[in-house]
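**Student:** Got a predicted structure plus its sequence, pasted below:
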Amino acid sequence: MSSTIRLLGEPVILDRDGLLRPVRGHQAWALLARVLLARRPLDRRSLAAELFPETADPLGSLRWCLASLRQALDSSDSLRGDPLEPNLCPGIHVDVWHLDRDDFDIEQAGALLGTFAPRCSPEFSTWLLIERERIAAIVDARVRQDTIRALAVEDYERAIRLAELGVRREPLTEAAHILLTKSLALAGRQKAALAHVAVTEELFLEELGERPSPDLRAAARQPVMASPSGISTAAYVQSMLRSGLAALAAGVVDVGIEQLRRALRDAERTGDGHLTAMTKMELGTAMVHACRGHDGEAAILLQQAMTLARGAGRVAIASSALRELGYVEALAGQRLAADGYLAAAAEIARGDESLAGIRAFQGFNLIGRGDHDGGLRRLEQALGHARAAGNRRNQCWALAIGAWGLLRAGRLAEAEGWIAGALVLVEAEHWIAFRPWAIAVAGEIRLRRGADPAALRPGLEEAFALACQLDDTSWEAACAKVIGLTYAETGEMQRAQLWLSDALKRSTRNTKRPTTVQVEVLQSKVEVCLRQDDFVAAEALAREWIAVAARMQMDAHVARAAEVIAQIRPPLEAVQGARRPQAYA
């Protein structure tokens, strides 16, 4: 290896002996990061305008920085051409290029360019904001995934160390604290687990004004119940599995999850790998789809289920666990990780029932990224498999997600057809837990097609009330957002903003982490601010929108938010200029 470029944390270039190579100025580091992370080669004139907006000779400053970097890299052939290409020497190591490698030291990864704040153009500042959020999200996801894998193989020392890192990186994200609590509990450090719960509850009350969800204390809980005497443990586990799944199907989520927990406690005592894998998979799946966010503990269970199932030769269970792990990553905005899990699930899936869910989740992940056409193709495949399997709930889910994707793509007539089919199945299946979201999607489609906003509100308000009863914050936020948009359409901007602000609070209430609906609510708030010519609020919200979208790897939203920020800048500067005090002679 000839040298190493570290851009995560305070940036440095090291030679082959590990000695520092000097690089002068923040602008040179900004230039190096911009070139190495660009998706395509950048032309020199645009790059110079981005990096040196205040200099008399931007191209000359660019040439000086490039020469400085070549000297630090000891490579006269690197960073040449127009458009500019890296052309680094073979064997050079660039940390930001290897985030997905198993040998990448995730524990040493800092923020892109550390604390550097180069004095560049607004365009570069927006780019740096996006890249910092995108990379931070990848690192956070790697920390979480590596913690879960360590727990699955009972490497508790590493799991605790990684989970502690996760908490330091995301101190107000509940899922990070759940992973640390679970790691301590599984390592037999019950007092430490409970102590961490108490400290976290105090922190959340102080910083957020509310306690974490009950999931945090549940992660520290130890088994307290045994199976009744007179029957085999395996029979008891099977009965509790059936009972728990029936409760979940009826919408009694807390009861269903608790019964599955009891089943798992006894399944683990049997030593039966198949039974334990199946129980972990069912409980993990239930937690993923529960109204409250159980994704941290769910991912641990699913990883363990997949490992056990593969060891026992139970391909169907392994495929189901991989499918749900893929969905967890898609919900977290980790598109590549989700792709990997779902592709692995598809490779070993057997039959239409399994493939229906896998293709549906692949469609959801692609639409989240902004690839609407690719996502819809996957959802059409999911519908075919679901119909062949006779699974009407899978059909309903695929139709509703497809309608959402078509709405985002602006194909409103097609979207209305898909959501109409989903609503028919919601009623036929009495799928109460899914109804609020389907109503919200239908309401937004009809609103954008010119329906009377006031006529839409009663149905949306009923769906919002149902979501509140179910304690499903994502559905609450989705309904509140569309209600806010109906008021914007009738010119009642104050009421619109009140509903949208409420939607924003609800969108992360239980997860304490970025969500898809949060991104969409931020977009709606920005659009309403622009309709009111409130450029100051719109710019602040647009920066939050682009940061959250970058963390969620929602590329279409990132691009749209960047366009809005660029459009806002001239009128915002005019407003700010008008507010400055005038100088008098």
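**Tutor:** Here it is on my side, so go on.
**Student:** Okay, buried residues for stretch 345-361 please.
**Tutor:** Under the neighbour-count criterion of 16 or more other Cβ atoms under 10 Å, stretch 345-361 has 345-346, 349, 352-361 buried. For glycine as for every other residue, the C-beta is placed from the backbone atoms N, C-alpha and C.
**Student:** Which members of these are the farthest-apart pair?
**Tutor:** Maximum pairwise distance in the buried residues of stretch 345-361, criterion Cβ to Cβ, is 15.1 Å, between 352 and 361.
**Student:** one step back: okay, and which of the buried residues of stretch 345-361 map to helices?
**Tutor:** Among the buried residues of stretch 345-361, the ones falling in helices (DSSP state H) are 345, 346, 352, 353, 354, 355, 356, 357, 358, 359, 360, 361.
**Student:** what's the distance between the fourth one and residue 360?
**Tutor:** Right, residue 353. For residue 353, the distance to residue 360 equals 12 Å [Cβ to Cβ, to the nearest Å].
**Student:** Find the residues that touch each one of the two.
**Tutor:** With contacts taken as Cβ atoms under 8 Å, 6 or more residues apart in numbering, the residues that reach both residue 353 and residue 360 are residue 394.
**Student:** Next, the contact list for residue 167, please.
**Tutor:** By Cβ under 8 Å, 6+ apart, residue 167 lies in contact with 176, 177, 180.
**Student:** which ones among those are found in strands?
**Tutor:** Nothing among the contacts of residue 167 maps onto strands, per DSSP state E.
**Student:** so what does the top helix by length along the chain touch, helix or strand wise?
**Tutor:** In the chain, taking DSSP H as the definition, the longest helix is helix 122-152. Helix 122-152 is packed against helix 26-37, helix 44-51, helix 156-169, helix 174-186, helix 295-312, helix 535-551, helix 555-579, with contacts defined by 3 or more Cβ pairs under 8 Å, 6 or more residues apart in numbering; DSSP states H and E.
**Student:** gap between that helix and the chain center?
**Tutor:** Offset of helix 122-152 from its chain centre (Cα atoms, centre = their mean, to the nearest Å): 10 Å.
**Student:** Kindly report the same for stretch 500-518.
**Tutor:** The chain centre lies 12 Å from the centre of stretch 500-518; the measure is Cα atoms, centre = their mean.
**Student:** State the pLDDT value of residue 302.
**Tutor:** The model reports residue 302 with a pLDDT of 94.
**Student:** Once you drop chain neighbours, what's closest to it?
**Tutor:** Using Cβ to Cβ, 6 or more residues apart in numbering and skipping residues adjacent in sequence, the residue nearest residue 302 is residue 284, 3.9 Å away.
**Student:** and the one you found, how many neighbours?
**Tutor:** The number of residues packed near residue 284 is 29, by other Cβ atoms under 10 Å.
**Student:** pLDDT score for it?
**Tutor:** pLDDT, residue 284: 92.
**Student:** so it is in which element?
**Tutor:** Element membership of residue 284 [criterion: DSSP states H and E] is helix 273-289.
**Student:** Pull the residues that contact that helix.
**Tutor:** 234, 237, 241, 244-245, 248, 253, 256-257, 260-261, 263-264, 267-268, 270, 294-295, 297-302, 304-306, 308-309, 311-312, 314, 317-318, 320-321, 324, 327-328, 331.
**Student:** Narrow the contacts of residue 167 to those that are buried.
**Tutor:** 176, 177, 180.
**Student:** Would you reformat these as a markdown table and include pLDDT?
**Tutor:** A markdown table is the format used below for these (pLDDT from 0 to 100):
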| residue | pLDDT |
| --- | --- |
| 176 | 91 |
| 177 | 93 |
| 180 | 95 |
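**Student:** circling back: quick one: buried ones out of the contacts of helix 273-289?
**Tutor:** For the contacts of helix 273-289, a neighbour count by 16+ other Cβ under 10 Å gives the buried set as 237, 241, 244-245, 248, 253, 256-257, 260-261, 263-264, 267-268, 270, 294-295, 297-302, 304-306, 308-309, 312, 314, 317-318, 320-321, 324, 327-328, 331.
**Student:** quick one: the host helix or strand of residue 382 to helix 555-579, angle?
**Tutor:** Counting by DSSP H and E, the element that carries residue 382 is helix 372-389. Helix 372-389 runs at 140 degrees relative to helix 555-579, counting by axes from the mean of the first three to the mean of the last three Cα atoms, to 10 degrees.
**Student:** Show me which parts of helix 372-389 are buried, residue by residue.
**Tutor:** Quick answer for helix 372-389 (16+ other Cβ under 10 Å): 372, 374-376, 378-379, 381-386, 389.
**Student:** Which neighbouring elements make contact with that helix?
**Tutor:** helix 352-369, helix 392-408.
**Student:** could I get those as TSV with distance to residue 278 and mean pLDDT?
**Tutor:** TSV is the format used below for the helices and strands packed on helix 372-389 (distance: least, Cβ to Cβ, whole Å; pLDDT from 0 to 100):
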stretch	distance to residue 278	mean pLDDT
helix 352-369	14	96
helix 392-408	20	96
